[in-house]
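# Quick one, fold the following:
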Amino acid sequence: MTQASFLHRQALHLRPDPTRVIVRPFKPATEPRDLNPTDKTRANHIVERVLALDPEVTAGLLADVLANFQGRHRNLLETFESRADEMERALVAHGAFSSIQRQLIGAYFLNEYSFEASALFNPSIVPHPDQSGAPQGGLRFVLSLRAVGEGHVSSLTFRTGTIAADGSLTVDPTARLASSPEVGGSVFGPSGETVEITFREEQDISERVIFPVTASQSQGIEDARFVQYVDDDGRKTYYATFTAYTGQAIRSELIETRDFLSFRMTPLQGTAACNKGMALFPRKIGGKYAMIARQDNENLYLVYSDDLHQWDGGQAILKPQFPWEFVQIGNCGSPIELDEGWLLLTHGVGPVRKYSIGAALLDKKDPSRVLGRAREPLLHPEPSEREGYVPNVVYTCGAMRHHDQIILPYAVSDTYSNFATIKIAALLQAMSS
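Presented below is the predicted three-dimensional model:
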């Protein structure tokens, strides 16, 4: 089986752009949590220095900051005010402030962060919730991507685009600005913190950046596998499993949205949720939620649950079989429903930890039955795709069917992303041979 018989690489390279920045809280050196509000801290020292300035100097400094940064961020004065509100512990000992003083103090406790300075990779693709303006016979899509910046902190960002009737792809221009969401209330459950976040309607989807919010996500929101999930009543919800990373520990979490404007992030529980790479089926099977998971760093499991947030047990359905996947296999996103069965894209790790993308076909009623399997990779790094932050890797977090093709966004060497299209009929024939 050759790649050319059914797979076509596009030339839609999405590369990291270091000019895209958000503002993040700057926190002075770690201080004991039990300090009294009147204790002198580094933050207090900064506040004192600002308050000692002549009012005209204060106003001039704020004007200079705005002139320097206002064109790079939305609602910057409001952001300064919000940051000052968060600094009340350092401000309480200093009495009353003018609004200009508060805004300037807020500016001193922020810094710009280039969230995709290092990498833009591991994409997944789903139909856009708003199909107005889609081409005839085509559709609009939302692409999620893992962005990596300074300190190897991962966040979640988005792009939009269109697929024409013939499967040709167009990616929309990226918004000039980038913005973080408003963080709503948090609820602590048995497995951790559930958080709701909301963007503003005027913020384009490509402007929206989901940066780590909770302690469990502090070093990264990694590898979101988005799927358009259809409930029994036909209601559509977008779910994505992702890996929350503290810098030392990982856990699987679930993000949920209807409109890519408001999101809920919830930790997953259970023995099957202890590793990376979970992927939700796009509908219930036999009245239960179903997930592909990898509990043992080597094989792929099928897991059922009555509770979307609780996952235990599981049955191993795919194990390393071919030389290009002898080290381990994993899933490359949610299974895709075809008339013939569930198409599951996989990744395999071979010699010198070379990553390739393969495929398997699972029975539609009983996905534990493997109907077919690609003996050779669908996609492996070409010579031009071998170099990057992690060499010799192609990877995806989710593809999508469009008519007789699979639209496959994929990452190159953990650095940038591209697209390929796959003819479904030829792929199925190759898996059955």
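
# Next, the buried residues of the lengthiest helix in the chain.
Counting residues, the longest helix found in the chain (DSSP state H) is helix 55-69. For helix 55-69, the buried set under the neighbour-count rule, 16 or more other C-beta atoms under 10 Å, comprises 58-59, 61-62, 65, 69. Just so you know, the C-beta spots here come from the backbone N, C-alpha and C atoms, and that holds for glycine as well.

# Also stretch 261-275?
Neighbour-count burial for stretch 261-275 flags 261, 263, 265-270, 272-275 (criterion: 16+ other C-beta under 10 Å).

# what do you get for stretch 295-306?
Of the residues in stretch 295-306, 295, 298-305 count as buried by neighbour count, 16+ other C-beta under 10 Å.

# Let me know the closest of these to Phe419.
Phe419 lies nearest to Leu300 out of those, by C-beta to C-beta, at 24.6 Å.

# Show the pLDDT at that closest one.
What the model reports as pLDDT for Leu300 is 97.

# Excluding chain neighbours, what is closest to it?
Once flanking residues are discounted, Leu300 sits nearest to Leu318: 4.1 Å by C-beta to C-beta, 6 or more residues apart in numbering.

# Who are the contact partners of that neighbour?
Leu318 sits next to 299-300, 329, 344, 346, 360, 370, 373 when contact means C-beta atoms under 8 Å, 6 or more residues apart in numbering.

# now Val142
Val142 sits next to 125-129, 158-160, 205, 226, 260 when contact means C-beta under 8 Å, 6+ apart.

# Could you export these as JSON lines, including secondary structure?
What follows is those, written out as JSON lines (DSSP: H, G, I helix; E, B strand; the rest coil):
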{"residue": "Ile125", "secondary structure": "strand"}
{"residue": "Val126", "secondary structure": "strand"}
{"residue": "Pro127", "secondary structure": "strand"}
{"residue": "His128", "secondary structure": "coil"}
{"residue": "Pro129", "secondary structure": "coil"}
{"residue": "Phe158", "secondary structure": "strand"}
{"residue": "Arg159", "secondary structure": "strand"}
{"residue": "Thr160", "secondary structure": "strand"}
{"residue": "Ile205", "secondary structure": "helix"}
{"residue": "Phe226", "secondary structure": "strand"}
{"residue": "Phe260", "secondary structure": "coil"}
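
# out of the residues you listed, which is most surrounded?
The most neighbours of any of those, using other C-beta atoms under 10 Å, belong to Phe226, which has 29 neighbours.

# Quick check: it touching Tyr238?
Yes - under the criterion of C-beta atoms under 8 Å, Phe226 makes contact with Tyr238 at 5.9 Å.

# picking that back up, model confidence score at the residue nearest to Leu300, please.
97.

# picking up where we left off before, can you pull the residues that touch both of Phe226 and Tyr238?
Going by C-beta under 8 Å, 6+ apart, residues that sit against Phe226 and also against Tyr238 are Val126.

# Name the secondary structure element that contains Gln248.
For Gln248, there is no helix or strand it lies in under DSSP states H and E.

# Which pLDDT does the model give it?
Here the pLDDT value assigned to Gln248 is 93.

# so what's it up against?
Applying C-beta under 8 Å, 6+ apart, no residues contact Gln248.

# 10 Å instead, please
218-219 (C-beta atoms under 10 Å, 6 or more residues apart in numbering).

# Apart from its chain neighbours, what residue comes closest to Gln70?
Nearest residue to Gln70, sequence neighbours excluded (C-beta to C-beta, 6+ apart): Leu76, at 5.1 Å.
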